[in-house]
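>>> Build me a model:
(one chain, ligands or ions: 2)
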Amino acid sequence: MNNDMLKDKFVGCMLGTHVGDALGMPVEGYDYKTIEANFGELRQMLDARLGVGTYTDDTEMMIGIAESIIECEGFDGADMADRFINLYNPERGYGQGTVNALSLIKNGVEWNLAGERVFGGGSYGNGSSMRIAPIGAFYYDDPNKLREVAYDSSSITHAHTFGKEGAALQASAIAKAINLDPSEELDKQSFVSDLIMFVSDEGKIYKAKMQHIKELLGCMPDKAEVVNKLGHDSSAPNSVPTAIYSFVSHSHDFEDSVAYAVSLGGDTDTIGAMTGAISGAYHGKRGIPERWLDVLENGERGRDYIESLAEKLWEIKINIKNKSPL
Ligand code: AR6
Ligand code: MG
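Ligands and ions are numbered 1, 2, ... in the order given. Model (predicted):
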């Protein structure tokens, strides 16, 4: 793949997170019937609690990951945890497990020990999967390193095996999407089969969910069946596969995939953000509707800043690749 396309995909997965987060935020917690009855097919950014196009904790924490990887040229747990703490703005709407883990670290607990103390053994919320786009992009060509860094970055706040595996699975879906050419037809079944192979034995809950995805791809399920089989709540096992399905079943078009993810209801901002990350990694920024990009919040750490982070991440990646002996 040429470098320009790669750059567009790095930007696409990070802005895709922001777009999906912003589209989903105004309808967070609604069920699919309520969304349908009130908004039909949601294709326009609605006024959210912080304004049109604003983001939640998903995008705020993604920014922390990107800043940390750029600054450290790779993963540094203490630095990443510090950035989560410094960026933390309660108005963005954080999960309780994340708030608890970050406050333990702020009070002196080591970054790699706090996560286990949450929910007695670690959180399996989707909070470490929703923010993973920069890791999926940065390690798009190295599945082993991608898994290691996804696990470690997750363990800061989400130390439960299902939390860590969800983050690695979401990162792997992003990496695979980066490696594919969107002008060629996506082989949907093999995209999902490869992800099933990637999931570790300890994460077998995901293998079962991904098997459901393969079956759903073979029929034309209604939303009730999709939600019933895959889930749409704020746990990683009940939302990462839902995002993967939303992408794979609507891989022809960024807008269709993210609109569909949000239309399923439940944890709409996060399922939207995760679908946007995978779909943006596949189509690149050029696949994201301009009318959505135009209304994204664009203050100090808004749309343009996120794009500049993605470009820096890409630059560092290219420099490392150019230095490598092979
Ligand atoms: N035992 C029981 N329930 C659990 C466990 C566990 N070990 N781990 C997670 N849950 P949390 P997040 C359930 O609090 O992942 C924001 O809106 C529990 O019901 O760690 O950072 C974000 O945007 C818990 O409330 O938060 C996301 O949409 C839930 O999983 C969402 O919140 C979330 O885990 C999740 O953020
Ligand atoms: Mg959120």
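>>> hey, let's count contacts and neighbours off CA atoms from now on
Will do.
>>> which residues touch the strand or helix carrying K312?
According to DSSP states H and E, K312 maps onto helix 303-323. Identification of contacts with helix 303-323 by C-alpha atoms under 8 Å, 6 or more residues apart in numbering yields 6-7, 10-11, 14-15, 18, 63, 66-67, 69-70, 73, 134, 138, 293, 296-298.
>>> How far off centre is that helix?
With C-alpha atoms, centre = their mean, to the nearest Å as the basis, helix 303-323 stands 18 Å off its chain's centre.
>>> Tell me the residues on the stretch 201-326 of the chain that lie near ligand 1, please.
Counting by C-alpha under 6 Å from any ligand atom, the residues of the stretch 201-326 of the chain close to ligand 1 are 234-235, 267, 270.
>>> Out of those, who's the most crowded?
Within these, most neighbours by other C-alpha atoms under 10 Å means T270, with 36 neighbours.
>>> So that one is in contact with R131, correct?
No: taking contacts as C-alpha atoms under 8 Å, T270 lies outside contact range of R131: 9.2 Å.
>>> any shared contact partners between the two?
Counting by C-alpha under 8 Å, 6+ apart, the common neighbours of T270 and R131 are D58.
>>> re the thing from before, can you list which of the contacts of helix 303-323 are found in helices?
Those of the contacts of helix 303-323 mapping onto helices are 6-7, 10-11, 14-15, 18, 63, 66-67, 69-70, 134, 138, 293, per DSSP state H.
>>> Going by distance to L113, which of the residues you listed wins?
Distances from L113 to these, taken as C-alpha to C-alpha, are shortest for I69 (20.6 Å).
>>> Spit out the contact partners of the closest one.
Here I69 is in contact with 75-76, 80, 313 (C-alpha under 8 Å, 6+ apart).
>>> Out of these, who's the most crowded?
Within the contacts of I69, most neighbours by other C-alpha under 10 Å means L313, with 25 neighbours.
>>> and the end-to-end length of stretch 289-297?
Stretch 289-297 stretches 15 Å from its first residue to its last (C-alpha to C-alpha, to the nearest Å).
>>> Pull out the buried residues from that stretch.
For stretch 289-297, burial by neighbour count (16 or more other C-alpha atoms under 10 Å) applies to 292-293, 295-297.
>>> cool, stretch 29-44 as well?
Buried residues in stretch 29-44, counted by 16+ other C-alpha under 10 Å: 29-32, 35, 42-43.
>>> And stretch 264-274, how far out from the chain middle?
Mean-position distance between stretch 264-274 and its chain equals 10 Å (C-alpha atoms, centre = their mean).
>>> outside of that stretch, which residues touch it?
16-25, 27-32, 35, 56, 58-59, 126, 129-130, 170, 223, 227, 232-234, 239-240, 242-243, 258-259, 261-262.
>>> of those, buried ones?
For the contacts of stretch 264-274, buried by 16+ other C-alpha under 10 Å: 16-25, 27-32, 35, 56, 58-59, 126, 129-130, 170, 227, 232-234, 239-240, 242-243, 258-259, 261-262.
>>> From those, pick out the ones that also neighbour ligand 2.
Restricting the buried ones among the contacts of stretch 264-274 to those near ligand 2 by C-alpha under 5 Å from the ion leaves 56, 58.
>>> What's the local residue count around A281?
There are 36 residues near A281, going by other C-alpha under 10 Å.
>>> let me redo that: V248
For V248, the neighbour count with other C-alpha under 10 Å is 23.
>>> List the residues that contact it.
Neighbouring residues of V248 by C-alpha under 8 Å, 6+ apart: K188.
>>> how far away is it from F84?
Distance, V248 to F84, by C-alpha to C-alpha: 31 Å.
>>> And G93, by the same measure?
Taking C-alpha to C-alpha as the measure, G93 falls 14 Å from F84.
>>> Which of these two has more residues huddled nearby?
When neighbours are counted by other C-alpha under 10 Å, G93 and F84 differ, and F84 comes out ahead with 22 against 13.
>>> next one: phi and psi at M220?
phi -120, psi 70 (degrees, to the nearest 10).
>>> Tell me the confidence at it?
pLDDT, M220: 89.
>>> likewise K321?
For K321, pLDDT reads 88.
>>> for K214, what are its contacts?
K214 makes contacts with 189, 192, as judged by C-alpha under 8 Å, 6+ apart.
>>> measure it to ligand 2 for me?
Counting by C-alpha to the ion, to the nearest Å, the gap from K214 to ligand 2 is 28 Å.
>>> Determine the number of other residues adjacent to the closest residue to M62 other than its chain neighbours.
Spatially, and ignoring its direct neighbours in sequence, M62 is nearest to R131 (4.2 Å; C-alpha to C-alpha, 6 or more residues apart in numbering). R131: 31 surrounding residues under other C-alpha under 10 Å.
>>> swap in L195?
Counted by other C-alpha under 10 Å, the residues lying close to L195 total 18.
>>> May I ask you to confirm that it is in contact with S172?
Yes: at 7.2 Å, L195 and S172 qualify as touching, with contact defined as C-alpha under 8 Å.
>>> need the helices for the stretch 1-150 of the chain, in chain order.
For the stretch 1-150 of the chain, the helices defined by DSSP state H, counting those that start in this stretch cover 3-24, 32-39, 57-72, 77-87, 96-106, 133-138, 143-155.
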